[in-house]
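*Asks:* the sequence and its predicted three-dimensional model are supplied below.
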Amino acid sequence: MSKSGIKIVQCSGGELMYIFEWNDEIITGFDNIDKQHRELYNRINDFFNATNRNQEKKIMDDMMHYLNGFFVEHFTDEEKIHSEGKFPYFEAHAKAHEKILKDLNEIDQLYKQEGYSEKLEIKLYNLLIRDMLTQMKEFDIPLARFIKEKH
């Protein structure tokens with residue numbers, strides 16, 4: 001696995017396949033949160049590989065629909081864990097969630113207005129890879145450790 005968590009594999013036909021690799025460093029120990037994170041990884045892989053095969057329109061529709069539901073449900077679940085555990089970084093974590101939701105809304109609006117574009121794809125990659133992964137590492141993992149230490 002590369003440092004970024006993205007592995008590039010060349011298929012027998014010469015096509016490149018991108019694999020966003022799950023690793024145990026991201027396990028929180030909260031079954032529902034880990035299940036949601038794994039599903040997000042799978043969706044990111046589907047998105048990478050569909051755009052690599054010029055299937056952008058179909059996967060973009062599916063991805064935007066999925067992400068609009070996923071982030072609301074996932075962030076609600078995480079914030080419930082926060083409230084139960086009195087995690088000291090709740091405000092910063094909530095702000096990270098707000099930023100991701102704001103950025104997703106901007107991407108969704110741009111997609112609805114202009115349709116698929118490479119610029120839009122890059123914005124979505126940045127949201128998923130840079131922002132979401134950072135949020136997971138900076139808040140989700142420390143939250144899980146904090147709660148486990150309290151119990």
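*Replies:* Looks like it came in fine.
*Asks:* C-alpha from now on. contacts and neighbour counts both.
*Replies:* Fine.
*Asks:* grab the longest helix from this structure for me.
*Replies:* Using DSSP state H, we find that the single longest helix of the chain is helix 56-85.
*Asks:* which element follows that helix toward the C-terminus?
*Replies:* As assigned by DSSP states H and E, the chain's next helix or strand after helix 56-85 is helix 90-114.
*Asks:* which of the residues in that next one are buried?
*Replies:* Neighbour-count burial for helix 90-114, counted by 16 or more other C-alpha atoms under 10 Å, picks out 90, 93, 94, 96, 97, 100, 101, 103, 104, 107, 108, 111.
*Asks:* what is the subsequent helix or strand relative to the helix or strand bottoming out on mean pLDDT in the chain?
*Replies:* Here the helix or strand of the chain ranked lowest by mean pLDDT, DSSP states H and E is strand 16-20, holding a mean of 64. Tracing the chain C-terminally past strand 16-20 and defining elements by DSSP H and E, one meets helix 31-52 next.
*Asks:* and the angle from that following helix to helix 56-85?
*Replies:* 160 degrees (axes from the mean of the first three to the mean of the last three C-alpha atoms, to 10 degrees).
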